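Asker: give me a model of this one.
(2 chains)
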Amino acid sequence: MSETVRFVVMRVLVVEDEKKTASFIRKALQAEGFAVDVCDNGADALVAPSATPYDVVVLDIMLPGPDGLSVVRQWRQQHNATPVLLLSARGQVTERVEGLDAGADDYLPKPFALAELIARVRALTRRGGENKFSVLRVADLTLDTVTHRARRGGVDIELTAREYQLLEFLMRSAGRLCGRMMILEKVWNYDFDPNTNLVDVYIMRLREKIDANFGRKLLHTVRGTGYVLKESP
Amino acid sequence: MTIRARMTLWYCAALLISILLILVLGLDELRERKQGEKQPSAGMAELVGIVVWVGIPTVLLSIGAGWWLTRKALAPVATLTEAARRVTESNLNRELPRSRNGDELDQLTAVLNDMTGRLHQSFRRIREFTLHASHELKTPLTILCGETEIELHDESLTPGERERSSNRLEELRRLARIVDGLTLLAKADSGLIRVASTPVHLQELVRDSFADTQVLAQASGLTVELTACEEAIVRGDPHRLRQLLLNLVDNAVKYNQGGGLVEMGLRAKNGTAELTIANTGPGIAPEALPHVFERFYRGDPAHNRDMAGCGLGLSIAEWIVTAHGGTIQIESTPSKLTTVAVLLPILPEMTKVS
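Answerer: Next up is the predicted model:
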């Protein structure tokens, strides 16, 4: 699955009226191999997907014309299921719930780390292609999601409940960059930036258990902004 | 001395003086008559009798009447005092009740209402300003963070440039966290944050947080203990309560010392959940203690400068606790133990079921 995906150019629509923000988001996504279109108002955004099909839309909530929430609501009414990542400067808890209720797939408060944005866009392009098997596998590391047993190279690995959750999340997103905020959100259920090195400390512990005694490293740090579990460095 | 006591005393003194005046005038009259008559002592006794049997009861009665009269006259002042005492930053827009009879006290009440009204406006303007300011800062911060991150992806950077860029990014992220905290508190002040209200099993959050704290503390060689974890179901917002717990244990780990201790406990008694988080470490000076919940308060600038915190952690913790109808206290014996105690009301019907 991942092999075929790699050769298809993913097209992303960025709807953001703030020019400089739109520009760096475009640069970052292009650097990751995405084809990017930018649109700076709600009215144009509403009709954009009917002209070009997009794989993901990055949508700011505050827009001239109809705002991001009404845009995503109207798309969903028109049965347009393109994955949507909402951006907002307000960063209110209720707004996140509102956005997801309106039909968005993810939400990122401003200011955000670019790696976080890219990781989320990537996660949205692979949505639906997620590993549904009960035994997850990356190289010689396996994780049984029913018995919660982790093994590498035939050796059982003891995990605490949280370490298991973290490893399961990383293995389900194998090959994809996982941002700190994303990990906190999915594994810890935190919807705020707690300003601690909790994730890094847990990754360190996990690394000791799954990587330290084995030749090939699987858990990689990416430029200090996130982590990825994969076979090749 | 109260106005009431003072007025009664003056009243009483005036009466005594007039009685003395009667006595002196009476004696003078008697002296004049004595020169013509032979029985001065009988008149003298009669006069003293009149003063004692009529004057003294009159004085006593007057004291009572005066006491009652001044009480009646000053009752609106007492009411006003009580009403004014209840005025705080959060209810400045509530007006003091007026009699509307146009007397001096009614005018005073009107002036007081005007004054608190103006104060309310000022507070509102400050809150709005903070909210707008923190909001306006987010767009340039987003751009700066994003562009710096893109710059870091540039492979042609020299190691020196890369370090400068990543330092800048680190500071920008810190600034972003400060702005985030500021936005949260400004919104909370304006009542713009809705805190969810669902039954929360506090003991589960504490147990989760205990596991995380153990991991966080291991890197610094600290011991973490959970002294008690009794069942306590409170009404509230699980996300905010998690944030509170993490906020407090993170402080307990950061402001600790090598080989130190973090002690967590959750006890349920008399319908109150008591969460305590204690840590060893330098502690907080007694003069700094009353200010630790103030925004951006830094007790010891030299000590805290290198800490990555945003200076709003405890203010946010206090807001979360208050929003849940609880109280938060902090006690500290410098270089021994610092204890944060959070009291939250337990959901009554749920405690009976368990």
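Asker: secondary structure element holding the closest residue to B:Asp250 other than its chain neighbours?
Answerer: With CB to CB, 6 or more residues apart in numbering or on different chains as the criterion, B:Asp250 has its nearest non-adjacent residue at 4.8 Å, and that residue is A:Thr196. Backbone N, C-alpha and C define where each C-beta goes, glycine included. Per DSSP states H and E: A:Thr196 is located in neither a helix nor a strand.
Asker: and if you look at A:Glu208?
Answerer: Under the criterion of DSSP H and E, A:Glu208 resides in helix A:198-210.
Asker: roughly how far out does that helix sit from the chain middle?
Answerer: 20 Å (CA atoms, centre = their mean, to the nearest Å).
Asker: how about the next helix or strand after that helix and chain B, any contact?
Answerer: Next helix or strand after helix A:198-210 toward the C-terminus (DSSP H and E): strand A:219-222. No. Under the criterion of CB under 8 Å from any CB of the partner chain, strand A:219-222 makes no contact with chain B; the nearest approach is 11.0 Å.
Asker: show me what strand A:219-222 is packed up against.
Answerer: Strand A:219-222 is packed against helix A:198-210, strand A:226-229, with contacts defined by 3 or more CB pairs under 8 Å, 6 or more residues apart in numbering or on different chains; DSSP states H and E.
Asker: pull out the buried residues from it.
Answerer: A:Leu219 (16 or more other CB atoms under 10 Å in any protein chain shown).
Asker: by contact count, what packs against the strand or helix carrying B:Pro76?
Answerer: With secondary structure defined by DSSP H and E, B:Pro76 is part of helix B:56-85. Contact partners of helix B:56-85 among helices and strands, from 3+ CB pairs under 8 Å, 6+ apart: helix B:3-34, helix B:104-153.
Asker: tell me where chain A has strands.
Answerer: Assigned by DSSP state E, the strands in chain A fall at A:11-15, A:35-39, A:56-60, A:84-88, A:106-109, A:135-138, A:141-144, A:149-152, A:155-157, A:178-179, A:219-222, A:226-229.
Asker: want to throw the ones you listed into CSV with mean pLDDT?
Answerer: Formatted as CSV, these follow (pLDDT from 0 to 100):
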stretch, mean pLDDT
strand A:11-15, 94
strand A:35-39, 93
strand A:56-60, 94
strand A:84-88, 92
strand A:106-109, 90
strand A:135-138, 86
strand A:141-144, 90
strand A:149-152, 90
strand A:155-157, 90
strand A:178-179, 86
strand A:219-222, 86
strand A:226-229, 88
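Asker: what's the domain layout of chain A?
Answerer: What automatic domain parsing lists as the domains of chain A is A:2-125, A:135-229.
Asker: that's a strand at B:Glu274, yeah?
Answerer: Yes. Secondary structure of B:Glu274 (DSSP: H, G, I helix; E, B strand; the rest coil): part of a strand.
Asker: bridged to it, which residues?
Answerer: B:Arg267, B:Leu343 (DSSP bridges).
Asker: measure it to chain A for me?
Answerer: Going from B:Glu274 to chain A by CB to the nearest CB, to the nearest Å gives 23 Å.
Asker: and the gap between that residue and B:Val249?
Answerer: Counting by CB to CB, to the nearest Å, the gap from B:Glu274 to B:Val249 is 16 Å.
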